[in-house]
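Trainee: Sequence and predicted model, in that order:
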Amino acid sequence: MRVFRLIIQISLCVAAVIMPIESVVRAAPSAPQGDPILQARLQLFQRMESVYGIPWTYLAAIDQYERTMKIRKKQVKEAESSSRLTAIDIPGDRWSGSLNPEEGDTNPVSIQFFDGMGRDGDGDGKADRNNDLDALTSLIHYLSSYGFSHDDWQIGLWSYYQRDRSVKTIRQFAQVYAKYQHLHLDDRHFPIPARYEYSYRSTWGDARGWGGRRIHEGTDIFAGYGTPVLSTAYGVIEVIGWNRYGGWRIGMRDMGNVYHYFAHLNSFKKGLKPGDIVEPGQVIGSVGSSGYGKPGTAGKFPPHLHYGMYRETGGADWAFDPYPYLRRWERQGRKR
């Protein structure tokens, strides 16, 4: 197996010498119509796959995960003003080597001497961590050192992030990209069909007494029993089943690394299970009044959908008010 991997690595290096990455990116075929930045990003990932062999869906998933972790205003503004296509940011000490005395070293030879990750991906003689081609090449080289199967890449990802949640999210993102074969996956949908009667208002932070003193982390959308509940985004089902607070509930993580919580349901879509990929507007369940007790408890309050949103930033998910987003999606749906 080691000999086989060595042969593959040698062949990939030869391919990179024969066909420089920069020229490969320029020669990339046109992507589907849409945001030109997303098209350019997709073409970059696809051409890196053609040279190095790691599926573009994994590269896109890593990039998207890194992008979702940069949620502070300063980081968002820096990203928007940057000329870079990717959000992959390898820490300086890992890039140049933890024992490297030169901070910000861009010399590929000295970086490798100090066992740093940095590589020269565009052939300019520098290993610049702020260069997309250099950053992608360095990450690919790191992952390929663990092997070339999906299991090997996940081991490599765990070694890089040292966190199970990161590996799981990246794997989910890659699965969604593999299904749709493009990066235009930011559409949203209101969770109740427009043709049904419903009502809601901002209930964020309201007091809740059952099960101990706590606040309301979401928005209640009141509708009749059996009203369809729709997926609000592209994503992967993570949890489905009973919760004593939320009753029959579904948890879905979208491509922005936001966890969508649908609670107090009456039923689930037949066959829906953890790991399933869903898209905006897809029926996933129906409105009910389940919860506040052991499995099967229902009727302690009027039928409604409790809808919550939670963001992941490297620790435990934290809730934020979904009401402004619901209003926006509702308006967009009416325009459609």
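Mentor: That came in fine, so what should we check first?
Trainee: which stretches of this structure form strands?
Mentor: With DSSP state E, the ranges of strands along the chain come out as 198-200, 207-208, 214-215, 219-223, 228-230, 235-243, 247-254, 258-268, 277-278, 283-287, 304-311, 318-320.
Trainee: Export those strands as CSV, with columns for distance to G116 and mean neighbour count.
Mentor: Backbone N, C-alpha and C define where each C-beta goes, glycine included. Below are the strands of the chain laid out as CSV (distance: least, Cβ to Cβ, whole Å; neighbours: other Cβ atoms under 10 Å):
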stretch, distance to G116, mean neighbour count
strand 198-200, 53, 16
strand 207-208, 51, 12
strand 214-215, 46, 12
strand 219-223, 48, 21
strand 228-230, 48, 22
strand 235-243, 34, 18
strand 247-254, 33, 23
strand 258-268, 34, 22
strand 277-278, 37, 20
strand 283-287, 46, 21
strand 304-311, 32, 22
strand 318-320, 34, 14
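Trainee: okay, those in a markdown table with distance to K335 next?
Mentor: As requested, those are exported to a markdown table (distance: least, Cβ to Cβ, whole Å):
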| stretch | distance to K335 |
| --- | --- |
| strand 198-200 | 18 |
| strand 207-208 | 34 |
| strand 214-215 | 33 |
| strand 219-223 | 20 |
| strand 228-230 | 17 |
| strand 235-243 | 23 |
| strand 247-254 | 21 |
| strand 258-268 | 22 |
| strand 277-278 | 23 |
| strand 283-287 | 22 |
| strand 304-311 | 21 |
| strand 318-320 | 25 |
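Trainee: how about those, which one is nearest Y177?
Mentor: strand 277-278 (10.3 Å; Cβ to Cβ).
Trainee: so for that closest one, what's the average pLDDT?
Mentor: Mean pLDDT, strand 277-278: 98.
Trainee: just checking, what packs against it?
Mentor: Using 3 or more Cβ pairs under 8 Å, 6 or more residues apart in numbering; DSSP states H and E, the elements in contact with strand 277-278 are helix 164-180, strand 235-243.
Trainee: As JSON lines, those with distance to S199 and mean pLDDT would be great.
Mentor: Formatted as JSON lines, the helices and strands packed on strand 277-278 follow (distance: least, Cβ to Cβ, whole Å; pLDDT from 0 to 100):
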{"stretch": "helix 164-180", "distance to S199": "32", "mean pLDDT": "97"}
{"stretch": "strand 235-243", "distance to S199": "24", "mean pLDDT": "97"}
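Trainee: Tabulate the ones you listed in TSV, adding columns for distance to D134.
Mentor: Listed next are the helices and strands packed on strand 277-278 as TSV, based on distance: least, Cβ to Cβ, whole Å:
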stretch	distance to D134
helix 164-180	21
strand 235-243	31
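Trainee: okay, now the domains of this structure?
Mentor: Following automatic domain parsing, one finds the domains of the chain at 2-180, 198-335.
Trainee: a markdown table for those, including distance to F190?
Mentor: Output for the domains of the chain, formatted as a markdown table (distance: least, Cβ to Cβ, whole Å):
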| stretch | distance to F190 |
| --- | --- |
| domain 2-180 | 21 |
| domain 198-335 | 4 |
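Trainee: how about those, which one is nearest D186?
Mentor: Evaluated with Cβ to Cβ, the domains of the chain place domain 198-335 nearest to D186, the distance being 6.8 Å.
Trainee: Next, the distance between the ends of the closest one.
Mentor: Domain 198-335 has an end-to-end distance of 18 Å (Cα to Cα, to the nearest Å).
Trainee: now do stretch 144-152
Mentor: This stretch, stretch 144-152, spans 8 Å end to end (Cα to Cα).
Trainee: From the chain's centroid, how far away is it?
Mentor: 21 Å (Cα atoms, centre = their mean, to the nearest Å).
Trainee: so for that stretch, what's the average pLDDT?
Mentor: Average pLDDT, stretch 144-152: 90.
Trainee: going forward can the numbers begin at 17, since that is how I track them
Mentor: All set: I'll call the first residue 17, so the last point we hit is now stretch 160-168.
Trainee: which of the residues in it are buried?
Mentor: Neighbour-count burial for stretch 160-168 flags S160, Y162, G163, F164 (criterion: 16 or more other Cβ atoms under 10 Å).
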